[in-house]
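Peer 1: 3D model of this:
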Amino acid sequence: MKKSFKVTLLALPFMAGLAMISAQGQTFDDALRYSQYNATGSARIMGIGGTQFAIGGDVSNISGNPAGLGFFRNSQVSFTTNFENWNSDSYFMGQKQSDSDFTFSLPNVSAVFAKTKNPMNTDSWRGHSFGISYNRSSNLNNQFGYYSNIESPTSILDYYSAEYNATQEPPIGDPAGLPLDVGLIVQDGNIFRPSDYTYNINDDGSVNFDSPIAPYQDEMIITEGNTSQFTFAYGGNYDNKLFIGGSVGITSVNFTSHKTYGEDFVDNHNFQATAFNIRENLNHSGSGVNLNIGLIYKPIDQINLGFTFSSPTWMQYQEGYDSDIVADFYDLDGNFDYGEEAYSNYYNPIYKLRTPLKLSAGAAFFLNKNGFISADIDYLDYSTMHLSARSFSLNDENQFIQNTATSVINYRVGGEWRINIFRLRAGTAFYADPYKDSANDRSKTQYSGGIGVKLAKMSIDLGFVHSQFDTFYRSYPTADLLTTENTDIQGLLTFGFNF
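Peer 2: Sure, this is the predicted structure:
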């Protein structure tokens, strides 16, 4: 007699999505998550599109272009608050699911200690500044997924069966072997196949192997965390023409991911035959270091030209990963029969990551004392990301990175207009798609604006950033594609105090 069951599979560490593409896919996603660049900074800088490499005298210079510290005439301390509202619309097999997430944070706290020389001093070095800042580089909080009322032509069990037939049975404790542990997949001679419980039945109660049940599928992905950096920077002013600087950044990474994937099987008699849910628990914690050097040159008073070289970040992080499976079995009439459980080993490997170096250039044109227009470009080659580990080789994963990622050019344009003590700002930014795959566009577009008030001893700046981008996800390699349209709205408020 055929029996059916319900399963909860708590993820498989050697698979990329929850249901899981491959080790290469997972490690590529991890490397890109900690390598992808987006401009950050004060509300003023974000209000002009994130342009900052030719602009001096802002606390964002500490982690941006440290040469800009040479513009400071007074010491300053500042802090920035941020609210962020993330909305997403996910489309799976023509069906829409909307999700949202809201966060409030303190993404930037900075201090600049400036020393300028007396105007009567004829020394060409006119002054210098030291800066220290805490800056949140990225917000990794997100939630998206799908719930399908349309039967899928494939099942993840088909994918696992094919993997087992190609590589044989995984060892006990390997998360990839959990479907075998609870009978989701069985060995029939030398062949692995989905269990009898995933097929329709004939009128006499026998299994119809020519009629697999098409499952209903769903998945939810919830992530939390951030990348952040403490930066120590120095900048000097040579004859009010050339400004140079350098910095050291100490980065940190904290990330958790919980994924739950499910399939429901309803047989040709409209009885619940099988159903399973897969969950994956993943966390990363680590730190790294990077170097940054920059310069700003003024060929004439109305023009600034900026350049920065940002080294790779050399990072080490520890991973924690586990999974389990719970199966409920049903009889031919859809009544619960019995349950099974199995748990994977806990994995905690240590990875080392080298992110791409970044070359950036900027130019600013000043409209006398009425304001300015500024533009930046960045060059990064994401195919140079490199992973390593002490206890095992990641050569295949690094080859996958080289084959999948590409070089990009990002750009940002913005401006500021001054009306007495008030400042009006606007800007835009474009961050290119780091994937070679051109079928799916993952680029990001931002539009920003802001206002500010500049007083003798303090400044208050308000900035808004509207971001739009698409992401793409497959629960397993032969699954239908999930397309998610993301809209992220940020509001930043910066208070600066001179001393």
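
Peer 1: and the strands in the stretch 251-400 of the chain?
Peer 2: Counting by DSSP state E, counting those that start in this stretch, the stretch 251-400 of the chain has strands at residues 272-300, 303-310, 314-322, 324-330, 336-343, 350-354, 358-366, 371-381, 386-389.

Peer 1: distance of Ser195 relative to Phe472?
Peer 2: For Ser195, the distance to Phe472 equals 31 Å [CB to CB, to the nearest Å]. C-beta coordinates here come from the backbone N, C-alpha and C atoms, glycine included.

Peer 1: look at these two and report which has more neighbours.
Peer 2: The residue with more neighbours, out of Ser195 and Phe472, is Ser195; 23 against 14, by other CB atoms under 10 Å.

Peer 1: hang on, isn't that one packed against Asp188?
Peer 2: No - using CB atoms under 8 Å, Ser195 is not in contact with Asp188; the gap is 10.0 Å.

Peer 1: what touches both of the two?
Peer 2: Residues touching both Ser195 and Asp188 (CB atoms under 8 Å, 6 or more residues apart in numbering): there are none.

Peer 1: and the pLDDT for Gly25?
Peer 2: pLDDT, Gly25: 57.

Peer 1: from what I can see His128 touches Gly235, true?
Peer 2: Yes - when contacts are counted by CB under 8 Å, His128 is listed as touching Gly235 (6.6 Å).

Peer 1: by mean pLDDT, flag the weakest helix or strand of this structure.
Peer 2: strand 4-9 (a mean of 35; mean pLDDT, DSSP states H and E).

Peer 1: next secondary structure after that one?
Peer 2: Note on strand 4-9: by DSSP states H and E, the next helix or strand toward the C-terminus is helix 23-35.

Peer 1: average pLDDT for the helix or strand just after that next one?
Peer 2: As assigned by DSSP H and E, the chain's next helix or strand after helix 23-35 is helix 43-47. Mean per-residue pLDDT for helix 43-47: 97.

Peer 1: return the list of strands paired to the following helix or strand past helix 43-47, each annotated with direction.
Peer 2: Using DSSP H and E, the helix or strand that follows helix 43-47 in sequence is strand 76-92. Strand pairing for strand 76-92, determined by DSSP bridges: strand 95-116 (antiparallel), strand 482-498 (antiparallel).

Peer 1: right, and those - which one's nearest Leu242?
Peer 2: The closest of the strands paired with strand 76-92 to Leu242 is strand 95-116. By CB to CB, the value is 15.8 Å.

Peer 1: what pLDDT, on average, does that closest one get?
Peer 2: 94.

Peer 1: helices or strands up against the helix or strand following it?
Peer 2: Where DSSP H and E defines the elements, the next helix or strand beyond strand 95-116 is strand 125-139. Contacts defined by 3 or more CB pairs under 8 Å, 6 or more residues apart in numbering; DSSP states H and E place strand 125-139 against strand 95-116, strand 216-238.

Peer 1: got TSV for the ones you listed, with distance to Tyr34 and mean neighbour count too?
Peer 2: Converted to TSV, these look like this (distance: least, CB to CB, whole Å; neighbours: other CB atoms under 10 Å):
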stretch	distance to Tyr34	mean neighbour count
strand 95-116	17	16
strand 216-238	6	20
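
Peer 1: of all these, which one is nearest Ser35?
Peer 2: Across the helices and strands packed on strand 125-139, closest to Ser35 is strand 216-238 (CB to CB), at 9.7 Å.

Peer 1: now the angle from that closest one to strand 76-92?
Peer 2: 150 degrees (axes from the mean of the first three to the mean of the last three CA atoms, to 10 degrees).

Peer 1: so which elements touch strand 216-238?
Peer 2: Contacts defined by 3+ CB pairs under 8 Å, 6+ apart place strand 216-238 against strand 125-139, strand 142-147, strand 242-266, strand 272-300.

Peer 1: make TSV out of those and add distance to Ala114.
Peer 2: Formatted as TSV, the helices and strands packed on strand 216-238 follow (distance: least, CB to CB, whole Å):
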stretch	distance to Ala114
strand 125-139	4
strand 142-147	39
strand 242-266	13
strand 272-300	16
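
Peer 1: could I get those as JSON lines with mean pLDDT and distance to Ile172?
Peer 2: Formatted as JSON lines, those follow (pLDDT from 0 to 100; distance: least, CB to CB, whole Å):
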{"stretch": "strand 125-139", "mean pLDDT": "94", "distance to Ile172": "38"}
{"stretch": "strand 142-147", "mean pLDDT": "94", "distance to Ile172": "31"}
{"stretch": "strand 242-266", "mean pLDDT": "95", "distance to Ile172": "22"}
{"stretch": "strand 272-300", "mean pLDDT": "94", "distance to Ile172": "19"}
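
Peer 1: with mean neighbour count added, can I get those in TSV?
Peer 2: TSV is the format used below for these (neighbours: other CB atoms under 10 Å):
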stretch	mean neighbour count
strand 125-139	20
strand 142-147	20
strand 242-266	21
strand 272-300	20
